[in-house]
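Asker: Give me the fold of what follows.
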Amino acid sequence: MTETTPDASTAVRHGYRVDVVWTGNTGQGTTSYRSYERTHEVRAAGKDAIDASADPVFLGDADRYNPEELLVASLSQCHMLWFLHLAADCGVVVTGYHDQARGILAENPDGSGQFEAVELAPEVTVADRASVDVAEALHERAHELCYIAKSVTFPVNCTPTTRIAN
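Answerer: All right, here's what the predicted structure looks like:
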């Protein structure tokens, strides 16, 4: 759910609400590090829940999304949505978009960690050859506008490929 509240400045504030509900109590609670599952649900009003867990390396369920994947996905989605917006504004007809985004998380000896980088690799299909150069240039602007990329402290790099539709 989003909430929009104007304030006295020129910025408009948008609020986002999600519920994260732990579903991994196996009956013992957190009596030990291995006594519970890392499964949980990410919920938002009026939407299907996302089944989530920790990464399997942290005793999570490999069949569920983990926070690290969702962060990489958020960066990829934000870039794509801005790119499509800009393409539409510039008259570039995009007929396909597929990003194979990758993130690198460094785990420290104390168990903490941080992302070192995310690499976006969108493969964009455009309707005609004349749009290729414009489409490729739009990625830089999409990156500049992406809310999520502007909010993280690690580098988000983009190496796009542009194809022409058959």
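Asker: Just the element for the residue lying closest to residue 59 once chain neighbours are set aside, please.
Answerer: Leaving aside its sequence neighbours, residue 59 sits nearest to residue 38 (CB to CB, 6 or more residues apart in numbering; 5.9 Å). Backbone N, C-alpha and C define where each C-beta goes, glycine included. In this structure, residue 38 sits in neither a helix nor a strand according to DSSP states H and E.
Asker: likewise residue 75?
Answerer: Residue 75 belongs to helix 67-90 when elements are defined using DSSP H and E.
Asker: any idea how far whichever helix or strand comes after that helix is from the chain center?
Answerer: Past helix 67-90, further along toward the C-terminus, the next helix or strand under DSSP H and E is strand 94-99. Its chain's C-alpha centre and that of strand 94-99 lie 16 Å apart, by CA atoms, centre = their mean, to the nearest Å.
Asker: can you offset everything so residue one is 208?
Answerer: Renumbered: residue one is now 208, and that last one reads strand 301-306.
Asker: helix, strand or coil for residue 254?
Answerer: Applying DSSP: H, G, I helix; E, B strand; the rest coil to residue 254 yields a three-state assignment of coil.
Asker: Angles on the backbone of it, please.
Answerer: phi -130, psi 160 (degrees, to the nearest 10).
Asker: Next, count neighbours for it.
Answerer: Counted with other CB atoms under 10 Å, the neighbours of residue 254 add up to 10.
Asker: Could you check how far it is from residue 226?
Answerer: Separation of residue 254 from residue 226 (CB to CB, to the nearest Å) stands at 11 Å.
Asker: And for residue 246?
Answerer: 15 Å.
Asker: Please identify which of those two sits among more neighbours.
Answerer: The neighbour comparison of residue 246 against residue 226 (other CB under 10 Å) goes to residue 246, with 19 against 11.
Asker: Give me the next element, helix or strand, following the helix or strand of the chain with the lowest mean pLDDT.
Answerer: Here the helix or strand of the chain ranked lowest by mean pLDDT, DSSP states H and E is strand 209-213, holding a mean of 64. Using DSSP H and E, the helix or strand that directly follows strand 209-213 along the chain is strand 219-223.
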